[in-house]
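>>> no sequence on hand, only this structure:
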């Protein structure tokens, strides 16, 4: 079993915005998310992030801004005693039909390659949208939907189409459930 948890970023780790997270000042992690990542790390799980960031393609922010946000995230997680093994992001617009924009599984396969994993089976994809869940299923992971971010908006679709997907209040709730069964 792969001890890997792949997280969506916006809506799972930090507050989401329909207007996009365009600057470091707009990036606000959920109070329990950073500690939840550290808890996973301490329990022997690798944690990675797969995030659609079409705001780059739309010209709302630069790759440098995204890297600054991710540097802050890395620092906060390390300070809590955790580690993020890899962050994969898709900068493309939906109409570009790339292979990496979720619900396609390309970002998850990028993580698999970066971490030199033979498979993603047994790993987890945790997200707040149907496209996160569909990407996880396409890549062969188990899936969990959190109620934070846009999670409640997609709950009935996920329950109908993917009843095996866990429903969790937030990332910390997912981690509690996972560590009970793992």
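Received the coordinates, thanks. Keep in mind it's a predicted model, so treat the numbers as computed, not measured.

>>> how close does residue 105 sit to residue 37?
22 Å (C-beta to C-beta, to the nearest Å). Every residue, glycine included, has its C-beta placed from N, CA and C.

>>> of the two, who's got more company?
More crowded of residue 105 and residue 37, by other C-beta atoms under 10 Å: residue 37, with 28 against 23.

>>> the more buried one - nearest residue in space that isn't next to it in sequence?
residue 82 (4.7 Å; C-beta to C-beta, 6 or more residues apart in numbering).

>>> give me the distance between that neighbour and residue 136.
In this view, residue 82 and residue 136 are 21 Å apart by C-beta to C-beta.

>>> those two: which is more packed in?
Neighbours per residue (other C-beta under 10 Å) separate residue 82 from residue 136, with residue 136 holding more: 29 against 20.

>>> contacting residues for the residue nearest to residue 63 when sequence neighbours are not counted?
Setting aside the residues directly before and after it, residue 63 is nearest to residue 56 in space (C-beta to C-beta, 6+ apart), at 6.0 Å. The contact partners of residue 56, taken as C-beta atoms under 8 Å, 6 or more residues apart in numbering, are 62-63, 66, 91.

>>> residue 111 falls within a helix, correct?
Yes: checked against DSSP: H, G, I helix; E, B strand; the rest coil, residue 111 lies within a helix.

>>> separation between it and residue 35?
Taken as C-beta to C-beta, the span from residue 111 to residue 35 is 22 Å.

>>> likewise residue 158?
25 Å.

>>> so which of these two has more stuff around it?
Each of residue 158 and residue 35 had its neighbours counted (other C-beta under 10 Å), and the higher figure belongs to residue 158 (23 against 19).

>>> could you pull out the strands for the chain?
When secondary structure is read from DSSP state E, the chain shows strands at 4-7, 46-52, 86-90, 124-127, 142-146, 166-168.

>>> which one of the ones you listed lies nearest to residue 176?
Among the strands of the chain, the nearest to residue 176 by C-beta to C-beta is strand 166-168 (8.5 Å).
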